[in-house]
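**Student:** Next come a sequence and a model predicted from it.
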Amino acid sequence: MAAGSLPVSRVGRSVRLAGLAGRTVANRAHTAVRSRVGGDAAEAAERASQARLAERYVEVLGNMKGAIMKVGQILSFVDAPGLLPASGGDLFQSTLARLQDDVPPLGPDEVAGVIEAELGARPEEMFAYFSRQPIAAASIGQVHRARLADGTELAIKVQYPGVADSVRADLANTGLLASVIKTGMRLLGPDTPDIDPKMVVEEVRERIGEELDYRIEAANQQEFHARYEGHPFIHIPAVHPEFSTGRVLAMEYVDAMRWSEATAAGDDVRSRWGESIFRFVFASLHQHGLFNADPHPGNYLFHEDGTVTFLDFGCVKRFTAERVAGMSGLVDAALANNATGVLRSFVDVGLLADGNTEGLDPDRLLEYYRTALRDRWDDQPFTYTPESVAEIVANTYRPLGPWCDVTRRIRMPKDLLFLNRITIGASSVLAGLYASADWKSIDNEIRHDGPPATELGRLEAEWRARRSTTVSLPRSA
């Protein structure tokens with residue numbers, strides 16, 4: 001795709017989305033007619049129509065790239081595959097999930113032009129080998145494989161030319177972004193979580209601004225690499241700063257399984273991968289005060305020994321030690337069945353609108369919050385499944401769900417929106433892997449320095465002991 005085909009004007013991008021919204025309205029009208037007619041033929045026709053519309057939605061978002069496609073990627077992991085009802089939403093979600101790591105690529109000349117503008121030479125002049133076709137593509141850039149003269153293998157992420165202008169056009173049009181979200185939520189179906197489009201717009205505004213500057217991502221990735229260097233089962237590719245700029249990011253190339261292959265692996269290695277992901281997500285948060293806020297399967301590479309390579313550090317969220325302690329205290333109160341403590345923590349963390357507790361039953365709030373922590377109080381080992389995560393989503397987020405009297409009192413603080421997303425996303429990934437472990441003991445190990453409860457825990461404890469004598473890393477703030 002040539003750079004000139006990427007629509008950058010507010011009007012041009014609005015026209016494409018208006019056409020998509022029109023098709024959505026027409027599809028809903030046809031669906032209503034079919035529902036009155038009924039029968040197997042009508043149901044089959046409805047699903048076929050939903051599939052065509054899902055394909056069109058992915059095509060439009062993929063070709064537009066930028067902030068618009070980022071919205072599509074967020075919607076594609078509102079639920080994990082298998083969590084949506086068989087009313088057409090599952091077709092849409094599975095189709096939309098292709099935006100995780102496969103979008104229409106740029107041509108070789110456009111890629112070479114960006115590299116020459118940023119690094120002063122064309123790729124064939126700098127590298128012994130540079131793949132003409134990308135090995136991965138995402139919302140604002142695509143990745144090519146390269147090799148240095150000494151045999152070092154690199155992955156080179158190149159930003160799409162013109163994407164910065166298109167993103168600015170998107171971010172200037174709140175209504176456009178909101179319309180994409182509303183269209184996607186209609187396609188996902190009536191049983192999906194109640195998500196405020198304005199919240200998603202704010203998330204996109206913040207994270208896409210950071211992602212446009214690859215120097216920020218390089219610094220984030222270098223920080224994670226330093227913290228996990230030499231780790232026995234968590235791998236962060238090293239950055240090569242000599243080939244990295246604001247629009248080009250060079251890193252160590254890693255060859256491993258992608259998500260679709262990993263989900264077909266055996267039970268033991270899938271659980272090992274799941275534990276690696278769990279430990280990375282929650283240890284990064286509780287021990288270092290930071291996490292990578294993009295938990296979709298396209299950002300994980302899976303190795304046969306149970307190691308997971310983590311990619312894409314364009315958006316990293318940081319918390320103070322005090323903020324982390326407050327969130328951890330809430331979890332502790334819930335696991336201890338301390339209703340008063342949960343209510344107090346909800347107020348302290350800022351989860352209640354205006355801090356108003358009047359008329360809110362502490363026992364009801366406790367029971368509500370514990371539903372999301374089932375993996376840490378239920379019988380161990382606990383196995384994540386699409387059904388178990390779907391239950392959490394239904395109980396916690398649906399506007400007319402069984403806890404609507406509690407959820408309507410909750411106000412999600414702005415700084416916790418990302419945390420909420422990664423918690424759901426990570427749980428959905430573990431569900432896709434059907435990961436099984438003693439999560440209660442692993443959580444205690446991570447948050448309270450409990451004794452290692454698993455083989456991976458023992459390996460990690462040994463690694464920490466070795467590093468404590470040679471490496472000193474400051475806590476993130």
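**Tutor:** Thanks, I have it.
**Student:** So what does residue 127 look like in phi/psi?
**Tutor:** Backbone dihedrals for residue 127, given as degrees, to the nearest 10, come out at phi -120, psi 150.
**Student:** So what's the residue count around it?
**Tutor:** Residues within reach of residue 127, counting by other C-beta atoms under 10 Å, total 22. (Glycine included, C-beta is placed from N, CA and C.)
**Student:** contacting residues around it?
**Tutor:** Counting by C-beta atoms under 8 Å, 6 or more residues apart in numbering, residue 127 makes contact with 146-148, 154.
**Student:** Most neighbours of all those residues, which one?
**Tutor:** That'd be residue 146 among the contacts of residue 127, by other C-beta under 10 Å, with 22 neighbours.
**Student:** For beta bridges, what are the partners of that one?
**Tutor:** Per DSSP bridges, residues listed as beta-bridge partners of residue 146: residue 130, residue 154.
**Student:** got a pLDDT number for it?
**Tutor:** pLDDT recorded at residue 146 is 98.
**Student:** Could you tell me which residues make contact with it?
**Tutor:** With contact taken as C-beta under 8 Å, 6+ apart, residue 146 is in contact with 123, 127, 129-131, 153-156, 250, 253.
**Student:** Give me the residue ranges of the stretch 101-250 of the chain where confidence is low.
**Tutor:** Filtered on pLDDT under 70, the stretch 101-250 of the chain yields the residue ranges 101-104, 138-139, 170-171, 173, 176, 180-196, 199-200, 203-204, 206-208.
**Student:** what's the domain layout of this protein?
**Tutor:** Taking automatic domain parsing as the domain assignment, the record places the domains of the chain at 3-99+174-189, 257-477.
**Student:** would you say residue 364 is within a helix?
**Tutor:** Yes: counting by DSSP: H, G, I helix; E, B strand; the rest coil, one finds residue 364 located in a helix.
**Student:** what's the closest non-adjacent residue to it?
**Tutor:** residue 406 (6.2 Å; C-beta to C-beta, 6 or more residues apart in numbering).
**Student:** Tell me the secondary structure at that neighbour.
**Tutor:** Applying three-state DSSP: residue 406 is helix.
**Student:** I figured it hits residue 366, correct?
**Tutor:** No: in terms of C-beta atoms under 8 Å, residue 406 does not count as a neighbour of residue 366; the distance is 10.1 Å.
**Student:** roughly how far apart are the nearest residue to residue 350 once chain neighbours are set aside and residue 130?
**Tutor:** Closest residue to residue 350 apart from its sequence neighbours, by C-beta to C-beta, 6+ apart: residue 413 at 4.3 Å. Plainly put, residue 413 is 45 Å away from residue 130 if you go by C-beta to C-beta, to the nearest Å.
**Student:** the more surrounded of those two?
**Tutor:** residue 130 (20 against 12).
**Student:** My read is that the more buried one contacts residue 116, right?
**Tutor:** No: Residue 130 is beyond contact range of residue 116, at 12.0 Å (criterion: C-beta under 8 Å).
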